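In: Turn this into a structure:
(one chain, ligands or ions: 3)
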Amino acid sequence: MTKRGTVIKSVGGVFTVAAEGQTYVCFAPKKLRYNDLDVVVGDKVTFDELRRGKGVIADILPRRNKLLRPEIANVDVCFAVIACQPQPDFYLCDKVLINCFQQHIEPIVVVNKMDLSSDAAEEARANYRDVAEVVCVSAFDGSAQKLCDYLHGGKTACFAGQSAVGKTSLLNALLPEANGQTGGISAKSGRGVHTTRHSALYEVGDGYLVDTCGFSLCELDGIRSDELRLYLDDFVTLSRGCKYSSCTHTAEPDCAVKAAAEKGVLCKSRYERYVEEFNELKEAEKNRY
Ligand SMILES: Nc1nc2c(ncn2[C@@H]2O[C@H](COP(=O)(O)OP(=O)(O)OP(=O)(O)O)[C@@H](O)[C@H]2O)c(=O)[nH]1
Ligand SMILES: [Mg+2]
Ligand SMILES: [Zn+2]
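Out: Ligands and ions are numbered 1, 2, ... in the order given. From the prediction side, this is the model:
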C-alpha cells in the first residue's frame, strides 16, 4: 500500500518516515538517488509499505525549498544560532541568512547562552538590525520558550550554526523527551566537538523543529556575485541612492551603500564581509567560465 509521510530522520541511507501517527523504517531505491535527488530530512515522500513497519520510498514530493547547510527541505523558519562561546562567526551567519532569503525561508538570529554574557547579542543586533529578527535566549533559564512563537500554526523550523552553540540544548529545553546528547567545547581549539551527527525532526508544541549538525563552512548555494546584493534587504533599500541601478556596491562611484557603511548607518563590518563575499563569488565565477 502506498502511503504519504514526512522524513524525520536520515542515517546512512536509512530513513525514518512519519505517517499516520506511526513511524516507518524506509529505504530509497538507487534510482531516486541517481536522479540527483537525495532524500533529506523534511522531505514529503510517498512510500510503499512492506511488512513490520518497513517501507520503500517511491517518490519525493515537490519541495517548497531546500537548504544545503544544514541539509533540510520544506522549512518555514531557520534559527541561525550563535553564542558568546564558541566565538561567533558572523561571516558564516551572513551566508546562512543569504541562503535562507534565496530559498524563501524566514531567518531568525538566535543568540543563546545569554546567562553567560550579552556581548554576542549586542554584536548581533548591530549586524542584523534591519535584516533579521534577533532573539536572545538561554537553554537553561526557561527563555528558550520564546522560540515556540515561531512554530505556531504547524510551522517547521530548523537550527543552523556552529558546533556547541547549544542547538540540541535548546531542543531539550523545549522538548525534554527529545533527550538529545549535548557536548562541550574543545579546550585546545575553542571549537565544538560535533556532538550531533544527524538531523532529526521533532514535534514541538503545534509545530516542528529540526535539530541539525553544527558546521563551520557554508557555501552560498547557486548565488551569482551580481545578485548577492538582492538578498540583503537593507542594501536594497539603501541602493536607491546609488548612482547606477546595477551598482554592486563595491568599486562604483557614488555608492549609497558604501557611504552608509562609512557613516555607520550600515554596520561597517557587515559591509566589509559583503565585499569579501562578493569577491569570493566573482573569483569562483572567473575560474568556472
Ligand atoms: N551556559 C550555557 N551553556 C549552554 C547553553 N546552551 C548550551 N550550553 C552548553 O554548550 C555546550 C554545547 O551544547 P550543545 O547543545 O551540545 O551544542 P550544539 O549546538 O547542539 O552542538 P553540535 O551538536 O556539536 O552542533 C554544552 O556544554 C551545553 O551544556 C546555555 O544557554 N547556557
Ligand atoms: Mg547538537
Ligand atoms: Zn551602490
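In: Identify the residues contacting the helix or strand hosting Asp48?
Out: Element membership for Asp48 (DSSP states H and E) is strand 44-49. With C-beta atoms under 8 Å, 6 or more residues apart in numbering as the test, strand 44-49 has contacts from 1-7, 15, 17, 19, 24, 26, 39, 55-61, 63, 74. Glycine gets a C-beta too; all of them are placed from N, C-alpha and C.
In: Please pick the buried ones from the residues you listed.
Out: Neighbour-count burial (16 or more other C-beta atoms under 10 Å) applied to the contacts of strand 44-49 gives 3, 5-7, 15, 17, 19, 24, 26, 39, 55, 57-58, 60, 74.
In: The strand holding Asp48 pairs with which strands, and in what direction?
Out: As defined by DSSP bridges, the strand partners of strand 44-49 come to strand 2-11 (antiparallel), strand 54-60 (antiparallel).
In: okay, that strand in PDB with CA atoms only?
Out: This file holds the C-alpha atoms of strand 44-49, laid out as PDB (Å, rounded to 0.1, in the frame of the first residue of the first chain):
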ATOM      1  CA  LYS A  44       7.500  14.800   2.000                       C
ATOM      2  CA  VAL A  45       7.600  11.300   0.300                       C
ATOM      3  CA  THR A  46       5.300   8.600  -0.900                       C
ATOM      4  CA  PHE A  47       6.400   5.100   0.100                       C
ATOM      5  CA  ASP A  48       5.300   1.500  -0.400                       C
ATOM      6  CA  GLU A  49       4.600  -0.100   2.900                       C
END
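In: Buried residues in that strand, which are they?
Out: 44-47, 49.
In: again, but for stretch 188-200
Out: Neighbour-count burial for stretch 188-200 flags 191-192, 195-196, 199-200 (criterion: 16+ other C-beta under 10 Å).
In: Below-threshold pLDDT in this structure: ranges please.
Out: For the chain, residues meeting the criterion pLDDT under 70 lie at 33-36.
In: Many thanks, have a good one.
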